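**Student:** Could you work out the structure for the sequence below:
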Amino acid sequence: MKKCWFFILFITLLISCKSEYPTGFITFSGTIDNSKDSTLTITGNGLNKIITISKDGSFKDTLKISEASLYSLYSPNSGRGIVFLKNGYHLKLTGNASNFFTSFNYRGNDEGADSNNLFIDRYNFGLTAGSIEGFVMLEKEAFLNKINFFKNGMDSIAALYPNANDSMLEESNIQNNTFFDKLLDNYDQMHARILQQRRTEEKLKKGNKAPDFSNYENYNGNTSSLSDFRGKYVYIDIWATWCRPCIAQFPYLKKLEKEFQYKNISFVSISTDDDRRSNGSWEKARDKWITMVRKRNLSGYQLWAGKDDARFSREYMITSIPRFILIDPEGNLIDSNAKSPADTALRELLVGLPGI
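**Tutor:** Have a look, this model is predicted:
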């Protein structure tokens, strides 16, 4: 009988020493303060797990994944984040919905907590770097110093979490090194391009002389240059026949042209149709422009940039259309990225121009 009680006690102790969590699953619990959401969704690698968040911001659930990896974390009103999951993890999270993901902290010093805290700390450290432009606009020595600072910083963060998952850390290191290597390899080209962009932006500031155009074919059979409109305000519409948003502005532009037809302003529309969207033919591009002007009965001064489009777009930093430009009677820029005809603020601006 004595042996029987000893055996029962041994089994009881053995059971009590076992983990309360199943090793083939993940337990995920915690609290997200200030949360306005009732769910937290984890997705990736075929997983779509919706976890219920209580009114006090707490949650607790279990899940099983097909492979250890980074998964997306999503809360509708709070934002998105990343979580590294591996079956057997028992993650306990604290965070604030106001700073979703960046405020996250996983309690403990086991593999699950270390892996995720490492990833979050590296992410937050990376945010302090600012934009890529901020890197590559620096002169070479300062650029290299900044690269080394962030490389060393990433290594220092990894040293804080010795229990982090090896494969996750290796993948993170590869991604970081790839990013830094690309910056190093492309520095010269990117540096030159950004400096040129900054110089162009400076030229396009209000009050500076507007970049010129000359001898653009006019639908009326002549040619027109920006200098032809000196003495009047000039509102330029940059468009193309293939651009639906551009075409949507036509009715509003016609209305403005009619309202201001006796005012001191010229409405100039410049088509950027080129050979790239016309099977390599400039003649076909020109025909498309002429057909559209006639079909839509477009008014104002209708011009075609032709082969000068690349230069014109570069000097005005036109990367998308429609684009609108407003120039004063002296040929100086009022706004190189003006409001569209559909925007009521444009009419208010035009009415208020001195000498209009």
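
**Student:** is it true that Ile194 touches Phe135?
**Tutor:** No - in this structure, Ile194 is not within contact of Phe135 by C-beta atoms under 8 Å, at 9.8 Å. C-betas here are computed from N, CA, C, even on glycine.

**Student:** neighbour count winner among the two?
**Tutor:** Phe135 (20 against 16; other C-beta atoms under 10 Å).

**Student:** what about Asp61, which helix or strand?
**Tutor:** Here Asp61 sits within strand 58-63, counting by DSSP states H and E.

**Student:** now for that strand, which elements pack on it?
**Tutor:** Applying 3 or more C-beta pairs under 8 Å, 6 or more residues apart in numbering; DSSP states H and E, we find strand 58-63 packed against strand 26-33, strand 47-52.

**Student:** This protein - how does it break down into domains?
**Tutor:** Split into domains by automatic domain parsing, the chain comes to 132-199, 216-351.

**Student:** most neighbours per residue, which of these?
**Tutor:** The highest mean neighbour count among those, using mean count of other C-beta atoms under 10 Å, belongs to domain 216-351: a mean of 17.

**Student:** distance between the ends of that one?
**Tutor:** Criterion C-alpha to C-alpha, to the nearest Å; first-to-last residue distance in domain 216-351 is 29 Å.

**Student:** same question, stretch 125-145
**Tutor:** 16 Å.

**Student:** could you give the mean pLDDT of stretch 258-278?
**Tutor:** Taken as a whole, stretch 258-278 has a mean pLDDT of 97.

**Student:** need the helices for this structure, in chain order.
**Tutor:** All helices of the chain, identified by DSSP state H, fall at 2-17, 111-127, 132-136, 140-159, 166-203, 244-248, 250-259, 282-296, 309-315, 344-351.

**Student:** picking that back up, okay, now the sheet partners of the strand holding Asp61, with direction.
**Tutor:** strand 26-33 (antiparallel) (DSSP bridges).

**Student:** can you pull the buried residues of the partner strand?
**Tutor:** Neighbour counts over strand 26-33 (16 or more other C-beta atoms under 10 Å) mark 26-28, 30-32 as buried.

**Student:** Please state the offset of it from the chain centre?
**Tutor:** 30 Å (C-alpha atoms, centre = their mean, to the nearest Å).

**Student:** what comes into contact with it?
**Tutor:** 21, 40, 42, 51, 53, 56-65, 75, 78, 85-97, 100 (C-beta atoms under 8 Å, 6 or more residues apart in numbering).

**Student:** if you set the cut-off to 6 Å instead, what comes out?
**Tutor:** 21, 57-58, 60-63, 85, 87, 89-97 (C-beta atoms under 6 Å, 6 or more residues apart in numbering).

**Student:** From those, list just the buried residues.
**Tutor:** 57, 63, 85, 89-93, 95-97.

**Student:** Tell me which of the residues you listed fall in strands.
**Tutor:** 63, 85, 90-93, 95-96 (DSSP state E).

**Student:** Now render the buried residues of strand 26-33 as CSV, adding distance to Tyr216 and pLDDT.
**Tutor:** Shown next, in CSV, are the buried residues of strand 26-33 (distance: C-beta to C-beta, whole Å; pLDDT from 0 to 100):
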residue, distance to Tyr216, pLDDT
Ile26, 65, 96
Thr27, 69, 97
Phe28, 63, 97
Gly30, 63, 97
Thr31, 64, 97
Ile32, 59, 97
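
**Student:** now those residues in TSV, with distance to Arg296?
**Tutor:** Shown next, in TSV, are the buried residues of strand 26-33 (distance: C-beta to C-beta, whole Å):
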residue	distance to Arg296
Ile26	61
Thr27	64
Phe28	59
Gly30	60
Thr31	60
Ile32	54
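
**Student:** which one of those residues sits closest to Ser340?
**Tutor:** Nearest to Ser340, judged by C-beta to C-beta, of those is Ile32 at 41.4 Å.

**Student:** Look at the spatially closest residue to Asn117 that is not a sequence neighbour and report its pLDDT.
**Tutor:** Of all residues not flanking Asn117 in the chain, Tyr106 sits nearest, at 5.3 Å (C-beta to C-beta, 6 or more residues apart in numbering). On the pLDDT scale, Tyr106 is placed at 98.

**Student:** Would you confirm that Tyr106 contacts Asp114?
**Tutor:** No - using C-beta atoms under 6 Å, Tyr106 is not in contact with Asp114; the gap is 8.1 Å.

**Student:** coming back round to it: out of the buried ones among the contacts of strand 26-33, which comes closest to Asn220?
**Tutor:** So of the buried ones among the contacts of strand 26-33, ranked by how close each gets to Asn220 (C-beta to C-beta), first place is Ala97, at 61.2 Å.

**Student:** ok, the closest one to Ile42 distance?
**Tutor:** Distance of Ala97 to Ile42, computed by C-beta to C-beta, to the nearest Å: 16 Å.

**Student:** could the domains of the chain be laid out in CSV, adding distance to Leu47?
**Tutor:** Listed next are these as CSV, based on distance: least, C-beta to C-beta, whole Å:
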stretch, distance to Leu47
domain 132-199, 17
domain 216-351, 37
